[in-house]
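Asks: sequence plus the predicted model coming up.
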Amino acid sequence: MVPLIEILSGLCIAVGVVALLTGSLGLIRLPDLYSRTHAVGMMDTAGVGFIILGLIIHEGFTLISVKLALVGIFLFFTSPIATHAVSQVAYRSGVKPVTEESDDKEGR
C-alpha cells in the first residue's frame, strides 16, 4: 500500500509542477496582459491544487492534511479573483488587448 501512495503523491506533485512550468512559459510567451493573466491564473490554480493534493495523499488523514486542504480551498477561490481584478483594473486604465487589427496597424 505504501508504494501506491508514494506513486500517487509523486504523480500529483509532478503534474502540479508541469502545470506551474506551463503557466510560467505562458507568462513569458503570450502577447498581452490579458492572455498572460489568464494563463497564470489557470495554471497557478491547477498546479498548486495538484501539489497540495499530492501532499495530502502523502501525509494521510492528519491535521496537516486538513490544513493543506484549507490552503487549497483558499487558493482555489483567491487566485482567479486576483487575476480578474488585475485584468479589470488594466481594462479600466486603458490597456488594450492585442488583436489581429492592432497587429496590422503596428505593421507586425
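Replies: Structure received. Numbers count the residues shown, from 1 in each chain.
Asks: residues contacting the closest residue to Met43 other than its chain neighbours?
Replies: Ranked by CB to CB, 6 or more residues apart in numbering and with sequence neighbours excluded, the top spatial neighbour of Met43 is Gly23, at 2.7 Å. C-beta coordinates here come from the backbone N, C-alpha and C atoms, glycine included. With contacts defined as CB atoms under 8 Å, 6 or more residues apart in numbering, Gly23 is in contact with 39-40, 42-44, 47.
Asks: quick check: the farthest pair among those residues?
Replies: Distances among the contacts of Gly23 were taken as CB to CB; the most separated pair is Ala39 and Gly47, at 11.4 Å.
Asks: which of the contacts of Gly23 fall in helices?
Replies: 39-40, 42-44, 47 (DSSP state H).
Asks: buried among those residues? Make that a PyMOL selection.
Replies: Burial among these is assessed by 16 or more other CB atoms under 10 Å; the matching PyMOL selection reads:
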select buried, resi 39+40+42+43+44+47
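Asks: next one: the helix ranked longest in the chain to chain centre, how far?
Replies: Using DSSP H, we find that the single longest helix of the chain is helix 63-92. Per CA atoms, centre = their mean, to the nearest Å, the displacement of helix 63-92 from the mean C-alpha position of its chain is 9 Å.
Asks: list the helices and strands that helix packs on?
Replies: Judged by 3 or more CB pairs under 8 Å, 6 or more residues apart in numbering; DSSP states H and E, helix 63-92 is in contact with helix 33-59.
Asks: tell me the pLDDT at the most centrally placed residue in the chain?
Replies: Central residue of the chain (CA atoms, centre = their mean): Asp44, 1.3 Å from the mean position. We have a pLDDT of 88 for Asp44.
Asks: lovely, talk soon.
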